[in-house]
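**Q** Okay, structure incoming, though there's no sequence with it:
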């Protein structure tokens, strides 16, 4: 009985070794030429050699080295899939949070500075009306979370302000008329004094 068990163990070991026994000198092309092996990953894998995409089965690479390349590619693909799934989860989470943002547009006239109401953050500022008589387009000198500032008073600007909906603020699109530059009173023509008096 002991001889039968030993014989069975030796036969099993020989069978496993025969299944995994691939000559180290065999090339991938030789291995993949067998119809039984053509569906294996090592026969389907493509690699880049000198900038050209080449099927691994068309190279003279040794099979043991090719298996290492294929295993490395499979590991890298699995890691990339995990990273992509994590990135997709973060993107979906961020997309769900964008529904929680409320915005308003404030139209401000005759001012050099545009601001938002308390609780809102300034996201953009644009000069929307100007005249060439008044000097044309103004140059934006500053923009941050609280205000935008032009180099001179502009005829009209639109300030976009946003806040988290959870902050409880309600958006209102408003028109704010600034203080126009004071218009100097017209000068009265100087009275000419005549040397003749009546």
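**A** Done, it's in. Note that the coordinates shown come from a computational prediction; the quantities given were computed from them, not determined experimentally. Numbering: from 1, shown residues only.

**Q** Touching, residue 127 and residue 159? I think so.
**A** No: in this structure, residue 127 is not within contact of residue 159 by CB atoms under 8 Å, at 10.6 Å. The way it works is simple: take the backbone N, C-alpha and C, and place the C-beta from them, glycine included.

**Q** And these two? Which one has more around it.
**A** Each of residue 127 and residue 159 has its neighbours counted (other CB atoms under 10 Å); residue 159 has more, 25 against 18.

**Q** Give the closest residue to that one in space, chain neighbours not counted.
**A** residue 114 (3.9 Å; CB to CB, 6 or more residues apart in numbering).

**Q** chain center to the helix or strand hosting the one you found: distance?
**A** Per DSSP states H and E: residue 114 is located in strand 101-115. Centroid separation for strand 101-115 versus its chain: 27 Å, with CA atoms, centre = their mean, to the nearest Å.

**Q** And for stretch 31-44?
**A** Relative to the chain's own centre, stretch 31-44 is displaced by 40 Å; criterion: CA atoms, centre = their mean.

**Q** Now do that stretch: distance from first to last residue.
**A** Start-to-end span of stretch 31-44 (CA to CA, to the nearest Å) is 12 Å.

**Q** so the lengthiest strand in the chain versus strand 101-115, what angle?
**A** Counting residues, the longest strand found in the chain (DSSP state E) is strand 147-164. Interaxial angle, strand 147-164 versus strand 101-115 (axes from the mean of the first three to the mean of the last three CA atoms, to 10 degrees): 160 degrees.

**Q** buried sites along strand 147-164?
**A** Neighbour-count burial for strand 147-164 flags 148-150, 153-163 (criterion: 16 or more other CB atoms under 10 Å).
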